[in-house]
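1. one predicted model, sequence on top.
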Amino acid sequence: MSDLLEDDDLTAALKKCPEWEYEKKSITRTVEFEEFMDAIDFVNDLAEIAEEAQHHPDIHIRHTKVSLKLTTHDAGGVTDLDIELAQRVDNLVD
Ligand SMILES: C[C@H](O)[C@H](O)[C@H]1CNC2=NC(N)=NC(=O)C2=N1
């Protein structure tokens, strides 16, 4: 299991994924697309990465907006696993 990131370590880690917000022991990002099917394609690409990483975001799709929430269940908060997956998600989008 990856270690919980707290205080300075968490602050430093969040600088690697500035589009993500820390909220209630998790990190969140909402991505907006032109079309509903673009959002679905993104979620499918994301699913491949998440499955490979064996780390799975909570995913909420609302028309063209996809909201993601990442936390490490066993650690009870944000770990490097979340930061790494967030960066891989960012690479899909940006
Ligand atoms: C055994 C398996 O690797 C774990 O249950 C994984 C699966 N996917 C997961 N996804 C997320 N987001 N957090 C976890 O702690 C987690 N744990």
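-> That came in fine, so what should we check first?
2. alpha carbons only for contacts and neighbour counts from here, please
-> Will do.
3. quick one: the residue sitting furthest away from the middle of the chain from the ligand, how far?
-> Residue farthest from the centre of the chain, counting by C-alpha atoms, centre = their mean, is residue 35 at 20.9 Å. Residue 35 sits 26 Å away from the ligand when distances are taken as C-alpha to the nearest ligand atom, to the nearest Å.
4. so what's that residue up against?
-> 63-64 (C-alpha atoms under 8 Å, 6 or more residues apart in numbering).
5. pLDDT score assigned to it?
-> For residue 35, the pLDDT comes out at 98.
6. just the one 5 residues further on next, same as before
-> Model confidence at residue 40, given as pLDDT, is 98.
7. pull the number of nearby residues for it.
-> Around residue 40 there are 17 other residues, counting by other C-alpha atoms under 10 Å.
8. ok but it is inside a helix, no?
-> Yes: under DSSP: H, G, I helix; E, B strand; the rest coil, residue 40 sits within a helix.
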